[in-house]
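**Q** Quick one, fold the following:
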Amino acid sequence: MFRPHPPETAPPLVRFIPLFFANCIPLVGVIWLHWEADILILLYIVELLFLLLLAGVKSLFAAHPPKETESDLATVSNATLSDTRGSVTVVSWLPPIYPRNVPYAFGITRRILWLALVLTIMLSTVIEPLQVLQQPVFWAAVVALVSGHLAETATQYFGHAEYEQLSPYGVLEPPARQGFLLVMLLLVLGALLETGIGSIVALLILVSVKILSDWAVYHVDRSTSVSRFTRWLAGPGERDTADSCATQVPVPSEEPTARIQADQRTVLLSSVFRSIPKSLQKQLPLAGMAWLVLLITVGEAFSALQFQLITLGLILGAFIFGTIIEAGGWYVRYGGIEYQRRGDRVVAYDRFFEIPQWSTPLNEIRNVEVASGRLADRFTDAQTFSMTSGWDDNDADRVIGPTADPDTAIEKFSLPVVTTAVAPIRRGPAVIALCVPLLALIGTLWAISRASPSLQALLFFFFVFPVVILISQRIWKRAYS
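**A** Residues are numbered from 1 along each chain as shown. Predicted coordinates for the structure are as follows:
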């Protein structure tokens, strides 16, 4: 919570002592001053979850791209915008937002809900969340806590331009590791939490994690010889999280001799077709975790009808929000692309961000074929060309399109396409891929719309139905093979 900053001229151990005692104050207050342990436990948890949420917002402004080799708690992979170059300034008094950081920012939501669910389940036998949430002193402490972290973010992260030295991975990883360590410790000491002194044990664990993480950050910043665990807990530093400079896209200086823009109607239609199953697959489990947290913590405060409306609101909200995010991300990534022929290179230039996204020599393009698995292309009679560019470790999968004039694209970019014929859809797998999730959806919605919906039906809808969607997507892909 409170982090004092002693003078830098003080001895190293002396500089850490105030931080140690500041973290021990809540424990001393509970044991000797008879403070309420439940309030402090829930306050610690709220602080950790808010720090993760705040880190997600801060990660949008991290100026450095993450290293390709990083793999840890806060990483993302194969996200739509993760390799997008460029930035956009929303308001003049804030630094630019980088689209490549958006998957990191939204990805932290999953970790927040996962952490909230696990902590709620483990601590529900130790504290009474509903009673704590009804106390004004708790909300006053939350407001003070949030205000303090927001002020620190404004003065340190933005005021001192820390965002210029960090990648999104460096912003998100430290609080994610702290939450992971907390869960592991609570799992190990779970049996003690159910005893008569459970609240004291839980608070002791929370304080210990706080002191341990603060010590790790303190020690790594001031020592070159630290243990592997201490360095892991402290989180990545500036030198560990970001490339020193972003690789520039090689673009010839001559003017383009050919331009083909991505067909807007096809991109929009493709974003809708793609976003609906992706939203169901990704967002329903998140809504399910939020629903379980509400059920355990404040479920008894609502009537059956009220909780049904809350459940419906979570389902619809997750679906609508997820669909907008997925569709918007896809359109931002591909809707503004203009494919240019510059000398002996093909350049994918982004008109939205006014920056080239990738460039490849014509003589390194191979394995060019019409992408047959794009349903939107079939509706608009457009075509998208998939290809491989580069050689050995530098090869990459690229696309040109969708374009409503594929013959011109082949001619202008000298694409070695064997045939532009699109394979017909195999009706058997297509019908199965559509009917299975539709029947599962109808049956589940009927079960949960009854006066007293079963818990099993709700859990199926939140956590198993997304798996049905995933399997159906695999079957759908077979319809094009």
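**Q** What's the first helix or strand after the helix or strand of the chain with the lowest mean pLDDT?
**A** The helix or strand of the chain with the poorest confidence is helix 238-241; it has a mean of 49 (mean pLDDT, DSSP states H and E). Where DSSP states H and E defines the elements, the next helix or strand beyond helix 238-241 is strand 258-261.
**Q** Give me the contact list for that next one.
**A** With contact meaning Cβ atoms under 8 Å, 6 or more residues apart in numbering, strand 258-261 is reached by 337-341, 351, 400-401, 403, 405, 408-409, 412-413. C-betas here are computed from N, CA, C, even on glycine.
**Q** Recalculate using a threshold of 10 Å.
**A** Strand 258-261 is contacted by residues 267, 335-342, 346-347, 349, 351, 400-401, 403-406, 408-409, 411-413 when judged by Cβ atoms under 10 Å, 6 or more residues apart in numbering.
**Q** tell me the mean pLDDT for the helix or strand just after that strand?
**A** Next helix or strand after strand 258-261 toward the C-terminus (DSSP H and E): helix 264-298. Helix 264-298 carries an average pLDDT of 90.
**Q** which stretches of this protein form strands?
**A** With strands called from DSSP state E, the chain shows them at 258-261, 337-342, 345-350, 355-361, 365-370, 383-389, 396-403.
**Q** quick one: which of these is nearest residue 427?
**A** Between residue 427 and those, the tightest spacing by Cβ to Cβ is seen for strand 365-370, at 20.2 Å.
**Q** and that closest one, which strands flank it?
**A** In the sheet, strand 365-370 lines up against strand 383-389 (antiparallel) (DSSP bridges).
**Q** center of the protein - which residue?
**A** Nearest residue to the geometric centre of the chain (Cα atoms, centre = their mean): residue 107, 1.0 Å.
**Q** Wait, it touches residue 59, no?
**A** Yes: shown here, residue 107 and residue 59 form a contact pair, counting by Cβ atoms under 10 Å, at 9.3 Å.
**Q** just to revisit the earlier point, report pLDDT for the residue nearest to the centre of the chain.
**A** 84.
**Q** any idea how far it lies from residue 82?
**A** For residue 107, the distance to residue 82 equals 10 Å [Cβ to Cβ, to the nearest Å].
**Q** Break the chain into its domains for me.
**A** What automatic domain parsing lists as the domains of the chain is 12-241, 249-271+319-420, 272-318+425-478.
**Q** so where's the stretch 51-200 of the chain uncertain?
**A** The model of the stretch 51-200 of the chain has pLDDT under 70 over residues 67-78, 190-196.
**Q** buried subset of the contacts of strand 258-261?
**A** The neighbour-count test (16 or more other Cβ atoms under 10 Å) marks 267, 335-337, 339-342, 346-347, 349, 400-401, 403-404, 406, 409, 412-413 as buried among the contacts of strand 258-261.
**Q** Hmm, residue 415 is touching residue 389, no?
**A** No: the criterion here is Cβ under 10 Å, and residue 415 misses it with residue 389 at 11.5 Å.
**Q** Need the overlap of contacts for the two.
**A** Joint contacts of residue 415 and residue 389 (Cβ under 10 Å, 6+ apart) are 346, 362, 365, 368.
**Q** Whichever of those residues end up buried, select them in PyMOL.
**A** Buried members of the shared contacts of residue 415 and residue 389, defined by 16+ other Cβ under 10 Å, are picked up in PyMOL with:
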select buried, resi 346+365+368
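**Q** Which one of the shared contacts of residue 415 and residue 389 is nearest to residue 251?
**A** Using Cβ to Cβ, the shared contacts of residue 415 and residue 389 come closest to residue 251 at residue 346, 10.7 Å.
**Q** hang on, the earlier thing: possible to save the shared contacts of residue 415 and residue 389 as JSON lines with pLDDT?
**A** JSON lines is the format used below for the shared contacts of residue 415 and residue 389 (pLDDT from 0 to 100):
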{"residue": "346", "pLDDT": "91"}
{"residue": "362", "pLDDT": "88"}
{"residue": "365", "pLDDT": "88"}
{"residue": "368", "pLDDT": "88"}
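**Q** can I get the shared contacts of residue 415 and residue 389 in JSON lines with distance to residue 447?
**A** Output for the shared contacts of residue 415 and residue 389, formatted as JSON lines (distance: Cβ to Cβ, whole Å):
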{"residue": "346", "distance to residue 447": "52"}
{"residue": "362", "distance to residue 447": "57"}
{"residue": "365", "distance to residue 447": "52"}
{"residue": "368", "distance to residue 447": "48"}
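**Q** Relative to residue 476, which of the shared contacts of residue 415 and residue 389 is nearest.
**A** Nearest member of these to residue 476, counting by Cβ to Cβ, is residue 368, at 23.8 Å.
**Q** and that closest one, what does it touch?
**A** Residue 368 neighbours (Cβ under 10 Å, 6+ apart): 385-389, 398, 400, 410, 413, 415-418.
**Q** ok, these vs residue 180, which is closest?
**A** Of all the contacts of residue 368, residue 180 sits closest to residue 398, with 36.5 Å by Cβ to Cβ.
**Q** what bridges to that closest one?
**A** As for beta bridges, residue 398 partners with residue 387 under DSSP bridges.
**Q** On the pLDDT front, check it for me.
**A** In this prediction, residue 398 carries a pLDDT score of 89.
**Q** going forward, begin numbering at 42 instead of 1
**A** Let's use 42 as the start, then, which means that last one is residue 439.
**Q** which ones are touching it?
**A** Contacts for residue 439 (Cβ under 10 Å, 6+ apart) come out as 380, 387, 389, 398-399, 401, 406, 409, 426-431.
**Q** Please produce a ChimeraX select command covering the buried subset of those.
**A** To isolate the buried ones among the contacts of residue 439 in ChimeraX, judged by 16+ other Cβ under 10 Å, type:
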select :380,387,389,398,399,401,406,409,426,427,428,430
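**Q** What is the nearest of the contacts of residue 439 to residue 72?
**A** Distance to residue 72 across these (Cβ to Cβ) is lowest for residue 398, with 58.7 Å.
**Q** so the closest one sits right up against residue 381, yeah?
**A** No: in this structure residue 398 lies outside contact range of residue 381 using Cβ under 10 Å: 11.2 Å.
**Q** Find residues that contact each of those two.
**A** 388-390.
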